[in-house]
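Novice: One predicted model, sequence on top.
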Amino acid sequence: MTVSLVGAGPGDPGLLTVRAAELLAAAEVVVYDRLSLEGLLALAPAGAERISVAKSPTGPSTPQAEINALLVERGRRGQRVVRLKGGDPFVFARGGEEAAALLAACVPFEVVPGITSAIAVPAYAGIPVTLRHSSTSFTVVTGHEDPARPEGSVDWEAVARVGGTIVVLMGVGRIRVIAERLLAGGLSPDTPAASVQWGTRPEQRTIRATLGTIADQALASPSTIVIGEVAGVDLAWFESRPLFGRRVVVTRARAQASELVLALEAAGASTVELAAIEITDPADGGAALRVAAAGVGAYDWAVLTSINGADRFLDELRDARDLGGVSVAAIGPGTAAALAERNIVADLVPEQYVAESLLAAFPAPPEGGGRVLLPRAAVARDVLPDGLRDAGWQVDVVEAYRTVTASPTAHQREAAATADVITFTASSTVERYLEVKGDDPVPPVVACIGPVTADTARAHGLTVDVVADEHTIPGLVAALVAHVGG
């Protein structure tokens, strides 16, 4: 197919269908509206063209005829075009008009349904659209009627008489008229009503009222409005998560950020990815690491102090058999997990995931001395190699990678400057962040993965509010939940 009309769902990237994700990953052009999250656009290849055709109730809007013409023109070029639409393309989204234009132009297309906000948004607000004993049906109605018919085209009095749950999409601008006509149709002013703005997204906001008072609330678009007995049900789960409403900056390298991002979002936070560092090859292109890996059998221990170091070192081995007879130490569970993915079980993981704890747990060298290979970052603390040498070990430190300052965009810096929390997972992220932030303010809460990172932050003048007891990503999130989320 050339053009795909893809339903993006109501906003949460996790609600995207498998087919939609496949098409985005292969897209050459993505045509998107204002309801598309940046996280969804990131699923497209970096080189894909991204074209905004935003429609706004109060701001600039792209005429539908222009959108249709754009899809036809790009489709005729033979480009793989994804028309990314909020919710479902055929539920009040004008996907039918776009499909008709493509069909008339003989441009091949397909339709990928999405999860409609009419069902998903109430669910994220803890409102079931049906309940067995009180609401056995629901009616979905658009509040954005044909502008050519000022009197409206929906028989709201008839909708009121149908009974069950009424879900109104795009109805904020006409909610007073809608409410008056539903009352005229026989509904009670005390009928529960709720409005959910930006449903399923981190900025979701739910307002609960009655049909008689909903029009007097501070509603804003885009909102899904629910009217009926179910709107009085509050099975809150999404907005009750401990970090909901908090914006958290993640400063890890982009390739490693996903674990922390997912953990924070699972706790309800919205995340700002501001990669302060990038991981690059050693200055010698990895020559010394290759030599060390080829001769690893001559060592008693290989000590790995980061996931990056572990991955790059293991990449130079033929397979795990090269480590036959060599004991392996990992600084913490993250590094141990990276080893386990290559079927290598760490022989030593200290109780505290810092160099001092690893030194305390490290065995004495055998009689006559022993050798330790330490692949690590180009710049790192010397506590570990110096301590091992003091204990009688011969230590060879090999540069496995370098951390360099990243170049965040102006948009990323702006988002980070207005966030609630910033997280640091290594001393290098602290130092590089301070290099790239310029005059931007530091978010009010600073959270560090462990004491070493916290000491670096304090040494650079930052006030550290959170230090994880367990120096891992889950430990950092748990500490942040305890501090911020209560």
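Specialist: Sure, I can see it. Numbering: from 1, shown residues only.

Novice: SS state for Ile166?
Specialist: Three states are possible here, and by DSSP: H, G, I helix; E, B strand; the rest coil the one that applies to Ile166 is strand.

Novice: quick one: contacts for it?
Specialist: By CB atoms under 8 Å, 6 or more residues apart in numbering, the contact set of Ile166 is 138-139, 141, 159-160, 182, 226-228. C-betas here are computed from N, CA, C, even on glycine.

Novice: Skip the chain neighbours and tell me the closest residue to it.
Specialist: Using CB to CB, 6 or more residues apart in numbering and skipping the chain neighbours, the partner closest in space to Ile166 is Ile227 (4.3 Å).

Novice: From Ala479, how far off is that neighbour?
Specialist: To Ala479, Ile227 is 42 Å away according to CB to CB, to the nearest Å.

Novice: neighbour count winner among these two?
Specialist: Set side by side, Ile227 and Ala479 show unequal neighbour counts under other CB atoms under 10 Å, the larger going to Ile227 at 27 against 19.

Novice: ok, now which ones touch the more buried one?
Specialist: Contacts for Ile227 (CB under 8 Å, 6+ apart) come out as 165-168, 182, 187, 191-193, 211, 214.

Novice: Quick check: phi and psi at Ala48.
Specialist: phi -70, psi 140 (degrees, to the nearest 10).

Novice: At which residues are the strands of the stretch 1-150 of the chain located?
Specialist: Taking DSSP state E, counting those that start in this stretch as the test, the strands found in the stretch 1-150 of the chain are 3-7, 29-32, 49-52, 81-85, 109-112, 138-142.

Novice: Of all these, which one is nearest Ser427?
Specialist: Between Ser427 and the strands of the stretch 1-150 of the chain, the shortest gap by CB to CB is with strand 49-52, which sits at 35.6 Å.

Novice: how about the closest one as PDB, C-alpha atoms only?
Specialist: Once non-C-alpha atoms are left out, strand 49-52 reads as follows in PDB (Å, rounded to 0.1, in the frame of the first residue of the first chain):
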ATOM      1  CA  GLU A  49       9.500  13.600   6.600                       C
ATOM      2  CA  ARG A  50       7.100  14.800   9.200                       C
ATOM      3  CA  ILE A  51       4.300  17.100   8.100                       C
ATOM      4  CA  SER A  52       1.900  18.700  10.600                       C
END
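
Novice: Could you name the helices and strands sitting against it?
Specialist: The criterion is 3 or more CB pairs under 8 Å, 6 or more residues apart in numbering; DSSP states H and E, and the helices and strands that strand 49-52 contacts are strand 29-32.

Novice: and the strand it packs on, what's its mean pLDDT?
Specialist: Averaged across strand 29-32, pLDDT comes to 95.

Novice: Quote the end-to-end distance of stretch 267-276.
Specialist: When the termini of stretch 267-276 are compared using CA to CA, to the nearest Å, they are 23 Å apart.

Novice: Repeat that for stretch 434-449.
Specialist: From start residue to end residue, stretch 434-449 stretches across 17 Å - CA to CA.

Novice: That stretch: how far from the chain's middle?
Specialist: In terms of CA atoms, centre = their mean, to the nearest Å, the gap separating the centre of stretch 434-449 from the centre of its chain is 20 Å.

Novice: if we can go back for a sec, neighbour-wise, which of the contacts of Ile166 leads?
Specialist: Within the contacts of Ile166, Val226 tops the neighbour count with 29 neighbours, counted by other CB under 10 Å.

Novice: Sort out which residues of stretch 267-286 are buried, please.
Specialist: Buried residues in stretch 267-286, defined by neighbour count with 16 or more other CB atoms under 10 Å: 267-277, 279, 282, 286.

Novice: oh sorry, the question was meant for stretch 415-434
Specialist: Under the neighbour-count criterion of 16+ other CB under 10 Å, stretch 415-434 has 415-417, 419-434 buried.

Novice: Please apply the same query to stretch 341-360.
Specialist: For stretch 341-360, burial by neighbour count (16+ other CB under 10 Å) applies to 344, 346, 348-350, 352-355, 357-359.

Novice: need the residues you listed in CSV with pLDDT and secondary structure, can you?
Specialist: Shown next, in CSV, are these (pLDDT from 0 to 100; DSSP: H, G, I helix; E, B strand; the rest coil):
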residue, pLDDT, secondary structure
Ile344, 93, coil
Ala346, 94, coil
Leu348, 95, strand
Val349, 93, coil
Pro350, 92, coil
Gln352, 83, coil
Tyr353, 81, coil
Val354, 83, coil
Ala355, 86, helix
Ser357, 90, helix
Leu358, 92, helix
Leu359, 93, helix
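
Novice: Turn those residues into CSV, columns for distance to Ala263.
Specialist: Below are the buried residues of stretch 341-360 laid out as CSV (distance: CB to CB, whole Å):
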residue, distance to Ala263
Ile344, 25
Ala346, 22
Leu348, 26
Val349, 20
Pro350, 23
Gln352, 21
Tyr353, 17
Val354, 21
Ala355, 25
Ser357, 23
Leu358, 25
Leu359, 29
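
Novice: Nearest to Gly332 among these?
Specialist: When the buried residues of stretch 341-360 are compared for distance to Gly332 (CB to CB), Tyr353 comes out closest, at 3.2 Å.

Novice: Was I right to think that closest one contacts Gly332?
Specialist: Yes: in this structure, Tyr353 sits in contact with Gly332. The criterion is CB atoms under 8 Å, and the distance is 3.2 Å.

Novice: Pull up the overlap in contacts between these two.
Specialist: Jointly contacting Tyr353 and Gly332 under the rule CB under 8 Å, 6+ apart are 471-472.

Novice: Tell me the spacing between Glu278 and Leu260.
Specialist: In this structure, Glu278 and Leu260 are 16 Å apart, going by CB to CB.

Novice: swap in Pro128?
Specialist: If you measure Pro128 against Leu260 using CB to CB, the figure is 33 Å.

Novice: who's more crowded, those two?
Specialist: Here Pro128 and Leu260 are compared on neighbour count by other CB under 10 Å; more neighbours surround Leu260, at 22 against 16.

Novice: sec struct for the more buried one, please.
Specialist: Bear in mind the rule, three-state DSSP; under it Leu260 is helix.

Novice: residues in contact with it?
Specialist: By CB under 8 Å, 6+ apart, the contact set of Leu260 is 250, 252, 423, 425, 473, 476-477.

Novice: likewise Ala298?
Specialist: Ala298 sits next to Arg371 when contact means CB under 8 Å, 6+ apart.

Novice: If I look at the residue nearest to Gly39 when sequence neighbours are not counted, what pLDDT would I see?
Specialist: Nearest residue to Gly39 in three dimensions, chain neighbours excluded: Pro13, at 4.6 Å (CB to CB, 6+ apart). At Pro13, the predicted lDDT confidence score is 86.

Novice: Pro13 is in contact with Leu40, isn't it?
Specialist: Yes: applying CB under 8 Å as the test, Pro13 and Leu40 come out as touching, 5.4 Å apart.
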